[in-house]
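S.K.: pasting the sequence and the predicted coordinates here, then a few questions.
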Amino acid sequence: MTKTLPTRSLGQLDVPAIGFGAMVLSPGMYGEIDDDRGVAAIRAAIEAGGTFLDTSDAYGDDGHNERLVGRAIRGRRDEITLATKFGLAVPEGAEAHPLQVGFAFEELLVNAEPKYIKGYAESSLRNLGTDVIDLYYLHFPDPQVPIEDSVGAMAELVADGKVRHLGVSNVTPQELRRAHGVHPIAAVQTEWSMWRPVDPELLEAARELGVGVVPWSPLGAGFLTGTVERLGADDFRNNAPRFDADSLAANNASYAALQTLAADLGITRSQLALAWLLHQDAAVVPIPSSRTPAHIEENLAAAEITLHPDTLARIDAVLARLEPVGATLLQDAR
């Protein structure tokens with residue numbers, strides 16, 4: 001029987017307080033993985049209450065991650081709140097626009113011209129095996145296209161019944177306000193965790209506009225679990241300065257202080273990191289990733305953890321003393 005988690009609101013969309021990010025279930029992220037294991041992970045998330053699933057047309061080759069999610073939810077679509085993103089899987093014949101921000105291991109290219117947006121959505125619908133996307137994000141704003149134009153084309157998808165709610169990802173506070181001025185934005189996705197602070201102006205803008213905040217990489221690409229001591233050769237995190245051997249050793253040594261906090265509370269480090277995020281704002285819904293059912297269940301159980309104000313003050317005092325070594329994958333925060 002599927003567990004029910006506490007819910008939170010992203011704009012007018014109600015979702016479980018913790019979702020599930022499917023990105024790491026495609027090969028080339030945390031090393032190789034077969035589709036059967038990926039499907040099993042998604043289904044474990046669903047059974048544990050993580051029915052808010054997050055993917056993108058850019059995760060894996062040729063829409064692999066979306067197709068994997070579609071396979072996993074076949075016959076259970078009505079239980080799922082389905083979120084995906086567009087813009088980085090630039091269609092053939094479209095001009096690829098370099099982003100002014102990027103990941104350490106590659107240049108990110110985007111095209112969010114209005115004339116391509118219906119095609120992006122229709123491709124995702126086919127990959128996911130559904131006739132509607134619950135939450136559709138602009139993955140990154142296109143530096144050559146006003147965000148108002150991109151969101152205007154996304155709004156047409158809502159009018160056509162292909163999409164229910166709109167989101168934006170990796171935007172500045174100003175871009176969020178401009179996007180919301182065109183069509184209500186349900187959620188903004190941004191990198192945020194105990195080792196990557198959120199832009200306070202973005203959080204303020206989201207609060208003012210009634211936009212939910214969906215932190216991606218809420219466990220610091222796995223670092224905050226306390227279990228990452230070395231990476232395999234085919235792990236994309238090798239490209240992040242924060243995960244090189246010396247930086248990782250230094251970060252593990254300093255962030256070991258979190259283990260004492262978690263042990264005192266009788267929870268895991270992952271649960272501490274997620275519960276702390278949930279206590280930052282009532283409209284925060286993190287989307288942790290994992291390939292292991294036991295870890296997925298552990299992560300989702302954090303939705304039911306209450307941290308006393310004194311405990312939160314103690315956590316914040318520890319975090320204030322910690323300074324991570326090296327940059328994360330996203331080199332320039334927006």
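M.R.: Right, received. Where do you want to start?
S.K.: right, and Glu175 touches Ile147 too?
M.R.: Yes - look at Glu175 against Ile147 with CB atoms under 8 Å: they come within range, at 5.1 Å. Using the backbone N, CA and C atoms, a C-beta is placed for each residue, glycine as well.
S.K.: shared neighbours, the two?
M.R.: Both Glu175 and Ile147 are contacted by 141, 168, under the criterion CB atoms under 8 Å, 6 or more residues apart in numbering.
S.K.: pLDDT weak spots in the stretch 51-200 of the chain?
M.R.: For the stretch 51-200 of the chain, the stretches flagged by pLDDT under 70 are 102-106.
S.K.: what do you get if the cut-off is 90, keeping everything else the same?
M.R.: Scanning the stretch 51-200 of the chain for pLDDT under 90 picks out the ranges 100-108.
S.K.: can you map out the strands along the stretch 101-250 of the chain?
M.R.: 109-110, 133-138, 163-169, 185-191, 212-216 (DSSP state E, counting those that start in this stretch).
S.K.: can you list the buried residues in the last one?
M.R.: Residues of strand 212-216 classed as buried under the neighbour-count rule (16 or more other CB atoms under 10 Å) are 212-216.
S.K.: show me what that strand packs onto, helices and strands only.
M.R.: strand 7-10, strand 185-191, helix 200-209 (3 or more CB pairs under 8 Å, 6 or more residues apart in numbering; DSSP states H and E).
S.K.: most neighbours per residue, which of these?
M.R.: Ranked by mean neighbour count under mean count of other CB atoms under 10 Å, these are led by strand 185-191, which reaches a mean of 25.
S.K.: that one: partners in the sheet, and parallel or antiparallel?
M.R.: Pairing partners of strand 185-191, with direction, according to DSSP bridges: strand 163-169 (parallel), strand 212-216 (parallel).
S.K.: what about stretch 161-170, distance to the chain center?
M.R.: Relative to its chain's centre, stretch 161-170 lies at 14 Å (CA atoms, centre = their mean, to the nearest Å).
S.K.: tell me the buried residues in it?
M.R.: By neighbour count on 16+ other CB under 10 Å, the buried set for stretch 161-170 is 162-170.
S.K.: Throw these into a markdown table and include distance to Leu329, thanks.
M.R.: As requested, the buried residues of stretch 161-170 are exported to a markdown table (distance: CB to CB, whole Å):
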| residue | distance to Leu329 |
| --- | --- |
| Lys162 | 31 |
| Val163 | 28 |
| Arg164 | 30 |
| His165 | 27 |
| Leu166 | 25 |
| Gly167 | 21 |
| Val168 | 19 |
| Ser169 | 14 |
| Asn170 | 12 |
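S.K.: those: which two are farthest apart?
M.R.: When the buried residues of stretch 161-170 are compared pair by pair using CB to CB, the farthest-apart members prove to be Lys162 and Asn170, with a separation of 22.7 Å.
S.K.: show me what contacts Glu148?
M.R.: By CB under 8 Å, 6+ apart, the contact list for Glu148 reads 178-179, 181-182.
S.K.: let's see 10 Å
M.R.: Contacts of Glu148 were listed using CB atoms under 10 Å, 6 or more residues apart in numbering, and they are 175, 178-179, 181-183.
S.K.: can you check Leu125 too?
M.R.: Residues in contact with Leu125, defined by CB under 10 Å, 6+ apart, are 66, 70, 84, 131-133, 157, 162-163.
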